[in-house]
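Peer 1: generate a structure from the sequence data that follows.
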Amino acid sequence: MIEAVLWDIDDTLFDYTGADRTGLSRHLAQEGLAGAYGTPADALALWRTITDRHWDRFAAGRVDFQGQRRDRVRDFLARPELTDAGADAWFDGYVAHYRAAWAVFPDVVPALDALTPGYRHGVLSNSSGANQEVKLRELGLRGRFEVLLCAAELGVSKPAAEAFRAACEAMGLAPGAVAYVGDRLDIDAEGARDAGLAGIWLDRSGTAGALAEGVLPEGVHRITGLTELPALLAGDTRFGAESPFR
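Peer 2: Modelled structure (predicted):
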């Protein structure tokens, strides 16, 4: 029986992509770089590619959290000689614009209302506690969650089973009593499934059609919005029955 829901934050509860796009575009304009990377979509695609590359280095323990941020800036600007102070200042400027664009998805609060008090709630994020604590508080969501665990403090990132199990332990629950909801099929849903949790993929953009043969991986459940989550959990037979969300 599912007793608790663990949540991803970025692009699950919080519109990270929208804020990232707006924040980067405004920061580039302020820095006199509007158009230097093509369209805003082109600039964001490059920024995201670089972010993923350096996050992988952080997840592998080859660089610390602040170091991966600095290296992202150096790569994006193609300025390897940029000092730590210079990279920090550039990133801080971007963050100011990014934070000004923060918003939760409109289905988040109704879903949390519908699931409370029937289920306990926690957060597991591939970020840092300092960043996500501030974000959840500013978005008015922090009080909804019993625990907040992040990769930077855990020393391990999703999809590693240790990350999911640490979050379950923090809530005093066995993995089988916990569902994990996130926007990434591989990192979130499959990672949670492999750790013994119920893995739920929040496919807001409807990308399931791009899956090989259009079939979800075994043991993963898909929803396209959080309005579908209460019914999925309420029908829990450890999700063994055929799911209408597959």
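
Peer 1: just the residues contacting stretch 131-140, thanks.
Peer 2: Residues external to stretch 131-140 that are found in contact with it (CB atoms under 8 Å, 6 or more residues apart in numbering): 9, 13-14, 99, 102-104, 123, 125, 142, 145, 148, 150. The C-beta positions use only the backbone N, C-alpha and C, and glycine is treated the same way.

Peer 1: residue boundaries of the helices in the protein?
Peer 2: 16-30, 40-59, 65-77, 84-100, 108-115, 129-138, 151-154, 161-170, 191-194, 229-234 (DSSP state H).

Peer 1: highest mean neighbour count out of those?
Peer 2: helix 191-194 (a mean of 24; mean count of other CB atoms under 10 Å).

Peer 1: average model confidence for that helix?
Peer 2: Mean per-residue pLDDT for helix 191-194: 98.

Peer 1: which strands and helices lie in contact with that helix?
Peer 2: Contact analysis of helix 191-194 by 3 or more CB pairs under 8 Å, 6 or more residues apart in numbering; DSSP states H and E lists helix 161-170, strand 178-182, strand 198-202 as its packing neighbours.

Peer 1: including distance to residue 119 and mean pLDDT, could these go into TSV?
Peer 2: Listed next are the helices and strands packed on helix 191-194 as TSV, based on distance: least, CB to CB, whole Å; pLDDT from 0 to 100:
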stretch	distance to residue 119	mean pLDDT
helix 161-170	14	98
strand 178-182	8	98
strand 198-202	12	98
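
Peer 1: need the ones you listed in a markdown table (columns: distance to residue 26).
Peer 2: A markdown table is the format used below for those (distance: least, CB to CB, whole Å):
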| stretch | distance to residue 26 |
| --- | --- |
| helix 161-170 | 33 |
| strand 178-182 | 27 |
| strand 198-202 | 27 |
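
Peer 1: residue 117 is nearest to which of the ones you listed?
Peer 2: Comparing the helices and strands packed on helix 191-194 by their distance to residue 117 (CB to CB), the top pick is strand 178-182, with 16.0 Å.

Peer 1: let's see the pLDDT reported for the residue lying farthest from the centre of the chain.
Peer 2: Of all residues in the chain, residue 81 has its C-alpha farthest from the mean position, at 30.9 Å, by CA atoms, centre = their mean. Model confidence at residue 81, given as pLDDT, is 97.

Peer 1: got a list of what residue 40 touches?
Peer 2: By CB under 8 Å, 6+ apart, the contact set of residue 40 is 21, 24, 25.

Peer 1: now with 6 Å, please.
Peer 2: residue 25 (CB atoms under 6 Å, 6 or more residues apart in numbering).

Peer 1: for it, give its distance to residue 52.
Peer 2: 19 Å (CB to CB, to the nearest Å).

Peer 1: would a markdown table of the helices of the chain with distance to residue 3 be doable?
Peer 2: What follows is those, written out as a markdown table (distance: least, CB to CB, whole Å):
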| stretch | distance to residue 3 |
| --- | --- |
| helix 16-30 | 28 |
| helix 40-59 | 29 |
| helix 65-77 | 32 |
| helix 84-100 | 34 |
| helix 108-115 | 11 |
| helix 129-138 | 22 |
| helix 151-154 | 22 |
| helix 161-170 | 10 |
| helix 191-194 | 15 |
| helix 229-234 | 10 |
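
Peer 1: out of the ones you listed, nearest to residue 203?
Peer 2: Closest approach to residue 203 among the helices of the chain (CB to CB): helix 229-234, 12.3 Å.

Peer 1: send me the closest one as CSV with only the CA atoms.
Peer 2: What follows is helix 229-234 as a C-alpha-only set of coordinates in CSV (Å, rounded to 0.1, in the frame of the first residue of the first chain):
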residue,chain,number,x,y,z
LEU,A,229,-2.3,11.2,-9.8
PRO,A,230,-5.0,10.9,-7.1
ALA,A,231,-7.0,8.3,-9.1
LEU,A,232,-3.8,6.4,-9.9
LEU,A,233,-2.9,6.2,-6.2
ALA,A,234,-6.4,5.5,-5.1
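
Peer 1: fine by me, we can end here.
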